[in-house]
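Novice: A predicted structure for the sequence below; I have some questions about it.
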Amino acid sequence: MSTKGIILATFGSIYGEAVEKSVGIMEAKIKKSYPDAVIRRVFLAEALVEKWNEKYNNPVQSLEAVLAEFKNTGVRDVFVLPFALVADQCYQKMRKAIAVFTYNMERNAMRIHVGKPLLSSLGVKNYADDYVATIDAIMKHVNIRALNKSILLMANGQNQLEFSALQLKCLYGNGQNVAVFTSNGFPNFKQALTLLDRLDHKEVLVVPLALIGSEHLMDYLGGDRSDSVATLLTEQGYGVSIWNEGLGENPFIQDLFLKHLAQSIRMIERKQQAYQQAKSENESRASVAV
């Protein structure tokens, strides 16, 4: 068995088709890029692990179960790729679970490296700008349908500063016709309406800022219900169209996640090479001294 393991960690969903269009394709791309590694998909929500395994024949595992499997099968280096937009409570809970697992594990039995969510780096001090890259990936994917329209990005989250930063990056960059709002926080829908009014387009394309495009999410965006985003925008006089994909189905977004993973692996491999080189040099000096 390979000594390198990669975990694709997602909150999860019970909507199988939506999961396979996003998480499934992401998993396949990782396998193609790293054929020598052991790849596992995990759901971070334990309730969803149980519900999924009751409903579908292709079972998923919990994070702890996969870590235990890797440890017992001789995997030495584990790279965790969070299939997540921001470092929210779910991400923090995952890091805590990994810290507990590492603490209880025998020393040096396995090295676990946790990657960062999609929106992490603001692009300062020569670091890559995750926000600009994400905006460009969205604009590139929806470009034809978004011509002469405003784009409304709906984040299924709460008071995450990353979404406010994303809005600022849009206004200062390649997303000047983009408004961002969160379902339960800031910026909210009313604030996004103010920005849409200033943009002065009559047509709005609503794009979910959620990786898995579940039926529940799409109903909230474009359903016939009185509180759907489409209904509320129509009441304001806008022509509305819905981008019926989760963000995780966007191939350019998938490539950004692959880039995050590659950077994480390269960084660890360089550290290990530097360590081995330093160790070899010290051993050479010691032998000469003797």
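Specialist: Received the coordinates, thanks. Numbering: from 1, shown residues only.
Novice: helices or strands up against the helix or strand containing Lys169?
Specialist: In this structure, Lys169 is located in helix 161-172 according to DSSP states H and E. Packed against helix 161-172 by the contact rule (3 or more C-beta pairs under 8 Å, 6 or more residues apart in numbering; DSSP states H and E) you find helix 130-142, strand 178-182. For every residue, glycine as well, the C-beta is placed using N, CA and C.
Novice: Which strands or helices does the first one pack on?
Specialist: Counting by 3+ C-beta pairs under 8 Å, 6+ apart, the packing neighbours recorded for helix 130-142 are strand 150-155, helix 161-172, strand 178-182, strand 203-209, helix 251-289.
Novice: Check the shortest one too.
Specialist: Packing contacts for strand 178-182, counted by 3+ C-beta pairs under 8 Å, 6+ apart, involve helix 130-142, strand 150-155, helix 161-172, helix 189-199.
Novice: Strand 178-182 and the shortest one, what's the angle between them?
Specialist: Going back to what we said before, that points to strand 150-155. For strand 150-155 against strand 178-182, the angle by axes from the mean of the first three to the mean of the last three C-alpha atoms, to 10 degrees is 20 degrees.
Novice: gap between strand 150-155 and the chain center?
Specialist: Centroid separation between strand 150-155 and its chain, computed with C-alpha atoms, centre = their mean, to the nearest Å, is 18 Å.
Novice: Please apply the same query to the last one.
Specialist: On the basis of C-alpha atoms, centre = their mean, helix 189-199 is displaced by 26 Å from the centre of the chain it belongs to.
Novice: before we move on, the earlier item: with mean pLDDT added, can I get the helices and strands packed on strand 178-182 in TSV?
Specialist: Shown next, in TSV, are these (pLDDT from 0 to 100):
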stretch	mean pLDDT
helix 130-142	94
strand 150-155	94
helix 161-172	94
helix 189-199	95
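Novice: between the ones you listed, which one is nearest to Gln89?
Specialist: For Gln89, the closest of these is helix 161-172, at 13.2 Å, according to C-beta to C-beta.
Novice: thinking again about what came up before, check the helices and strands packed on helix 161-172 for me and report the most buried one.
Specialist: strand 178-182 (a mean of 24; mean count of other C-beta atoms under 10 Å).
Novice: ok so, going back, quick one: which of the helices and strands packed on helix 130-142 is nearest Val42?
Specialist: helix 251-289 (14.9 Å).
Novice: Need the nearest residue in space to the residue nearest the centre of the chain, chain neighbours excluded.
Specialist: Residue closest to the average C-alpha location in the chain (C-alpha atoms, centre = their mean): Ala84, at 2.7 Å. Counting by C-beta to C-beta, 6 or more residues apart in numbering, Ala84 lies nearest to Pro117, which is 4.3 Å off, once chain neighbours are set aside.
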